[in-house]
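Visitor: based on what follows, work out the 3D shape:
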Amino acid sequence: MKVAIDMGATTGSAPATLDLEELLATRLLVQGNSGSGKSHLLRRLLEQSAPWVQQCIIDPEGDFVTLADKFGHVVVDATRTETELTRIAGRIRQHRVSVVLNLEGLDVEQQMRAAAAFLGGMFDADRDFWYPVLVVVDEAQLFAPSVAGEVSDEARKLSLGAMTNLMCRGRKRGLAGVIATQRLAKLAKNVAAEASNFLMGRTFLDIDMARAADLLGMEKRQAEQFRALARGHFGALGPAISRRPMPVTIGAVETSARSTSPKLTPFEAPVDAAELIFTASPEEIVRPVVRRPA
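Guide: Model (predicted):
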């Protein structure tokens, strides 16, 4: 069954469609710096494909929880034990429920462990429940980093292993990975290499532009054009999108992120500014101070 997902428009206002069945078999990599429209692209894909396929979103910032109101996704708060998350993921596959795993509020290592446990439960589901699932991982470089960071080796190994299973071995289990990253250079190459479809947005660093151009089959001299891309504009290539590189402008969405970029408003400092910042309110005095780990 062929389902064409409307992603927006290409050159000359022609529709830009994505073959959902082909996507499920070939996976997708999305790249774009902050402000490029990467999350907007993911939201468009999720909204347009929601009636056709079960979805699971790994959401580090809680941006996609708003899908629950309009499309019926169940929000799974990740502040649970790893065992609980693994079991919940198994039941999600069994009952074919679309979900958002909300990792907001956890530190990076906790996010990596929670995502690994959850993806592991999806991956290890009984064969009887291997129905197609679109698994969208936002900020994938957090879960499949190219180099060791400040997290423990154990957490990195667990997370990277889960992401590798998703992208390398997930297809036979019905898991179709859609991974999005701000920086290709920070994403583990063995994870990125398993995607056959690409949507490349605005980027500025030479190393990321070169990789984006290479993935789209473009010449090195053409890589500079990624600096000039407007928000919501992407270069696209892949069997589910187009056999040749083409520009895509992502269409409108029906839902919005819970948190949006701050808007510039007229500024006027209060008259009693010093008193306000040096005097604690009664509520503040009794409220504990939460310090994030270094």
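Visitor: what about the closest residue to Glu219 other than its chain neighbours, neighbour count?
Guide: Once flanking residues are discounted, Glu219 sits nearest to Ala213: 7.2 Å by C-beta to C-beta, 6 or more residues apart in numbering. The C-beta positions use only the backbone N, C-alpha and C, and glycine is treated the same way. By other C-beta atoms under 10 Å, the residues close to Ala213 number 21.
Visitor: these two touch, right, Ala213 and Phe226?
Guide: Yes. Look at Ala213 against Phe226 with C-beta atoms under 8 Å: they come within range, at 7.3 Å.
Visitor: where do the strands of the stretch 51-200 of the chain begin and end?
Guide: For the stretch 51-200 of the chain, the strands defined by DSSP state E, counting those that start in this stretch occupy 54-59, 74-77, 99-102, 133-137, 175-181, 197-200.
Visitor: contact partners for the residue positioned nearest the centre of the chain?
Guide: By C-alpha atoms, centre = their mean, the chain has its centre lying nearest to Asp138, at 1.6 Å. Asp138 makes contact with Ser39, Leu42, Ile57, Ile58, Asp59, Pro60, Glu61, Asp63, Phe64, Ala180, according to C-beta atoms under 8 Å, 6 or more residues apart in numbering.
Visitor: just the pLDDT for the second one.
Guide: Among the per-residue scores, Leu42 shows a pLDDT of 97.
Visitor: how about the CA coordinates for the helix or strand harbouring it, as CSV?
Guide: Secondary-structure element containing Leu42, defined by DSSP states H and E: helix 38-49. Extracted in CSV, the C-alpha atoms of helix 38-49 (Å, rounded to 0.1, in the frame of the first residue of the first chain):
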residue,chain,number,x,y,z
LYS,A,38,14.4,20.9,11.9
SER,A,39,11.8,20.4,14.6
HIS,A,40,9.1,21.9,12.4
LEU,A,41,10.0,19.3,9.7
LEU,A,42,9.7,16.5,12.2
ARG,A,43,6.3,17.8,13.4
ARG,A,44,5.1,18.0,9.8
LEU,A,45,6.1,14.4,9.1
LEU,A,46,4.5,13.2,12.4
GLU,A,47,1.2,15.0,11.8
GLN,A,48,0.9,13.9,8.2
SER,A,49,1.7,10.3,8.9
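Visitor: contacts for it next, please.
Guide: 3, 5-8, 18, 20, 30-32, 55, 57, 63-64, 67, 70-71, 134, 136, 138, 178, 180, 182, 199, 201, 231-232, 234, 250-255, 257.
Visitor: report the buried members of these.
Guide: In these, burial by neighbour count holds for 3, 5, 7-8, 18, 20, 30-32, 55, 57, 63-64, 67, 134, 136, 138, 178, 180, 182, 199, 201, 232, 234, 250-251, 253, 255, 257, counting by 16 or more other C-beta atoms under 10 Å.
Visitor: where does this protein have low pLDDT?
Guide: Flagging of the chain using pLDDT under 70 yields the residue ranges 1, 259-264, 290-294.
Visitor: off-centre distance for stretch 136-147?
Guide: Relative to its parent chain, stretch 136-147 has a centroid offset of 9 Å by C-alpha atoms, centre = their mean, to the nearest Å.
Visitor: I misspoke; the intended subject was stretch 202-219.
Guide: With C-alpha atoms, centre = their mean as the basis, stretch 202-219 stands 20 Å off its chain's centre.
Visitor: now the end-to-end length of it.
Guide: From its first residue to its last, stretch 202-219 covers 17 Å (C-alpha to C-alpha, to the nearest Å).
Visitor: buried stuff in that stretch?
Guide: Arg202, Thr203, Asp208, Met209, Ala210, Arg211, Ala212, Ala213, Leu215, Leu216, Met218.
Visitor: as JSON lines, these with secondary structure and distance to Asp124 would be great.
Guide: Formatted as JSON lines, the buried residues of stretch 202-219 follow (DSSP: H, G, I helix; E, B strand; the rest coil; distance: C-beta to C-beta, whole Å):
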{"residue": "Arg202", "secondary structure": "coil", "distance to Asp124": "38"}
{"residue": "Thr203", "secondary structure": "coil", "distance to Asp124": "35"}
{"residue": "Asp208", "secondary structure": "helix", "distance to Asp124": "34"}
{"residue": "Met209", "secondary structure": "helix", "distance to Asp124": "38"}
{"residue": "Ala210", "secondary structure": "helix", "distance to Asp124": "37"}
{"residue": "Arg211", "secondary structure": "helix", "distance to Asp124": "32"}
{"residue": "Ala212", "secondary structure": "helix", "distance to Asp124": "34"}
{"residue": "Ala213", "secondary structure": "helix", "distance to Asp124": "38"}
{"residue": "Leu215", "secondary structure": "helix", "distance to Asp124": "31"}
{"residue": "Leu216", "secondary structure": "coil", "distance to Asp124": "35"}
{"residue": "Met218", "secondary structure": "coil", "distance to Asp124": "39"}
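Visitor: please consider this matter closed, and thank you.
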